[in-house]
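K.L.:
my questions are about this predicted structure, shown below with the sequence.
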Amino acid sequence: MENNFSPTTPEDNDFSAALADSVHDLTPLWEEHMNDPIDEALPYIFLSDVARWAEANAVEHEDTVLQILSILNDGYLHGQGDVPNLIRVGFGESILIDTPLVPLLTGELRKWHNLDFGLTN
């Protein structure tokens, strides 16, 4: 019996593809996921990679990182289906507590980061 269960949703895949399309520095990361041997988009892993990319580039490419954060905050507030959870788990839970990215966090991402690390009541 074939298992057709996929842990991802079309909304997650669409959001991730749109993020990579909007922020060209992320295109190679998305293409890497799309060319994975399992032949399935993995948006949670992609957003975790985006978090690592943003942490590594927060100083040198601050404008690009701010663009990413703006898109993610918008998706957190207005994303369809599972997209807000994708952003919380895939991106938000991948951010370390003390990196150059943290001071750039705003809005819902800042709230989630503070909650995740117990920095707020």
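P.N.:
Perfect, thanks for sending it.
K.L.:
okay, now the unreliable bits of this protein?
P.N.:
For the chain, applying pLDDT under 70 flags the ranges 1-7, 37-41, 121.
K.L.:
quick one: the strands in it?
P.N.:
Remark: no strands are assigned in the chain by DSSP state E.
K.L.:
measure the residue positioned nearest the centre of the chain to Glu11 for me?
P.N.:
With distances taken as CA atoms, centre = their mean, the residue of the chain nearest its centroid is Leu47 (3.2 Å). Going from Leu47 to Glu11 by CB to CB, to the nearest Å gives 13 Å. Where C-beta positions appear, they are placed from N, C-alpha and C, glycine not excepted.
K.L.:
list the buried ones in the longest helix along the chain?
P.N.:
Identified as the longest helix of the chain according to DSSP state H is helix 62-78. Of all the residues in helix 62-78, those buried under the rule 16 or more other CB atoms under 10 Å are 64-65, 67-69, 71-73, 75-76.
K.L.:
can I get those in JSON lines including distance to Asp82?
P.N.:
Output for the buried residues of helix 62-78, formatted as JSON lines (distance: CB to CB, whole Å):
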{"residue": "Thr64", "distance to Asp82": "25"}
{"residue": "Val65", "distance to Asp82": "24"}
{"residue": "Gln67", "distance to Asp82": "23"}
{"residue": "Ile68", "distance to Asp82": "19"}
{"residue": "Leu69", "distance to Asp82": "20"}
{"residue": "Ile71", "distance to Asp82": "16"}
{"residue": "Leu72", "distance to Asp82": "14"}
{"residue": "Asn73", "distance to Asp82": "17"}
{"residue": "Gly75", "distance to Asp82": "11"}
{"residue": "Tyr76", "distance to Asp82": "12"}
